[in-house]
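Undergrad: below are the sequence and a predicted model; questions follow.
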Amino acid sequence: MKRRLFKLAVFLLLGAIVNVAVAWGAALLVDFHGAETVVGGAKGRRGDWVIWHHNAGGAIRIRALAVSGNNIEEYEQYPMHPSLLPLWGPLAVQVRQQVREQVIDEPFVRVADAYGWPTYSLWCAFAWNTAQWPNVLTDPRLSAILITSPMGGNYALSQRALPLRPIWPGFAVNTIFYTAILWLITLGPFTARRMIRHKRGHCIKCGYDLRGDFSAGCPECGWRRDSPS
């Protein structure tokens with residue numbers, strides 16, 4: 001029993017490692033240029049926001065641009081679409097309930113990314129002030145490792161960050177998913193072989209023909225036999 005629990009723990013750990021590796025691989029390789037994009041608006045306490053929701057498959061980038069004053073007319077064309085805000089990070093809270101002292105007097109961008117497959121398992125957030133472009137502010141809770149992007153084009157889509165914060169439901173699902181794959185790859189063939197031997201009436205350990213009688217164990221390898229006293 002202890003051996004089985006140990007194997008399970010090892011496979012779960014390996015599944016979690018693969019889970020993180022897949023999410024980080026997506027963060028490094030997925031290109032948001034040309035990704036499916038939906039644009040909408042959301043209301044904050046101190047002003048309006050425009051939300052860009054980029055879905056690249058295995059990766060989501062959500063950009064929230066605070067708008068007010070002279071630049072608000074430019075974004076009035078977008079309908080209110082608060083459902084674009086994520087539930088797995090603080091971005092929705094930051095947009096809807098901004099810090100009381102903060103006054104939006106110039107464009108300010110917040111970004112939230114989620115990565116993983118088959119579901120999103122890790123997220124991160126960062127921000128920048130467009131007046132100081134391209135200076136990027138990391139999340140104070142260290143949710144991301146920012147890296148220099150080799151891509152050109154839109155800077156807001158080219159910026160790269162490795163996510164550090166788990167989306168717990170997705171992280172659990174992906175870990176179990178990769179654990180099952182690793183188990184099938186490594187132990188699945190042995191389990192299938194034991195099942196075939198048992199069906200044929202052979203010893204599941206060495207394949208010796210037991211004529212279908214497993215009660216006495218195997219005289220060849222000692223499987224299921226009491227050890228000699």
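TA: Nice, thanks for sending it over. Residues are numbered from 1 along each chain as shown.
Undergrad: hang on, isn't Trp223 packed against His202?
TA: No: using C-beta atoms under 8 Å, Trp223 is not in contact with His202; the gap is 10.5 Å. For every residue, glycine as well, the C-beta is placed using N, CA and C.
Undergrad: just want to know which of those two has more residues nearby.
TA: A side-by-side neighbour count of Trp223 and His202, using other C-beta atoms under 10 Å, places His202 first with 19 against 15.
Undergrad: in this structure the more buried one contacts Arg211, no?
TA: No: at 9.1 Å, His202 and Arg211 do not qualify as touching, with contact defined as C-beta under 8 Å.
Undergrad: residues in contact with the residue positioned nearest the centre of the chain?
TA: Residue closest to the mean C-alpha point of the chain, counted by C-alpha atoms, centre = their mean, is Ser121 at 2.4 Å. Residues near Ser121 by C-beta atoms under 8 Å, 6 or more residues apart in numbering: Asn19, Val20, Ala23, Tyr115, Pro166, Ile167, Gly170, Phe171, Val173, Asn174, Thr175.
Undergrad: pick the one among the residues you listed closest to Ala59.
TA: Closest to Ala59 out of the contacts of Ser121 is Tyr115 (5.1 Å), distances taken as C-beta to C-beta.
Undergrad: give me the neighbour count for the closest one.
TA: 28.
Undergrad: bridged to it, which residues?
TA: Beta bridges link Tyr115 to Ala59, Leu122, judged by DSSP bridges.
Undergrad: how close does it sit to Thr179?
TA: Distance, Tyr115 to Thr179, using C-beta to C-beta, to the nearest Å: 19 Å.
Undergrad: what is the least confident helix or strand in the chain?
TA: Ranked by mean pLDDT, DSSP states H and E, the weakest helix or strand in the chain is strand 137-138, scoring a mean of 62.
Undergrad: identify all contacting residues around the helix or strand following that strand.
TA: As assigned by DSSP states H and E, the chain's next helix or strand after strand 137-138 is strand 144-147. With contact meaning C-beta under 8 Å, 6+ apart, strand 144-147 is reached by 28, 113, 124-126, 136, 138, 159-164.
Undergrad: spatially nearest residue to Glu36, not counting backbone neighbours?
TA: Spatial nearest neighbour of Glu36, chain neighbours left out: Asn55 (4.7 Å); criterion: C-beta to C-beta, 6 or more residues apart in numbering.
Undergrad: show me what that neighbour is bridged to.
TA: Applying DSSP bridges to Asn55 yields these beta-bridge partners: Glu36, Ile60.
Undergrad: can you pull the contacts of it?
TA: Shown in contact with Asn55 (C-beta under 8 Å, 6+ apart): Ala35, Glu36, Thr37, Val38.
Undergrad: give me the ChimeraX select line for those residues, limited to the buried ones.
TA: Of the contacts of Asn55, the buried ones can be selected in ChimeraX as follows, counting by 16 or more other C-beta atoms under 10 Å:
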select :35
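Undergrad: who touches stretch 213-229?
TA: Contacts for stretch 213-229 (C-beta under 8 Å, 6+ apart): His198, Gly201, Cys203, Ile204, Lys205, Cys206, Tyr208, Leu210.
Undergrad: my guess is Phe126 contacts Ala161. True?
TA: Yes: look at Phe126 against Ala161 with C-beta under 8 Å: they come within range, at 5.9 Å.
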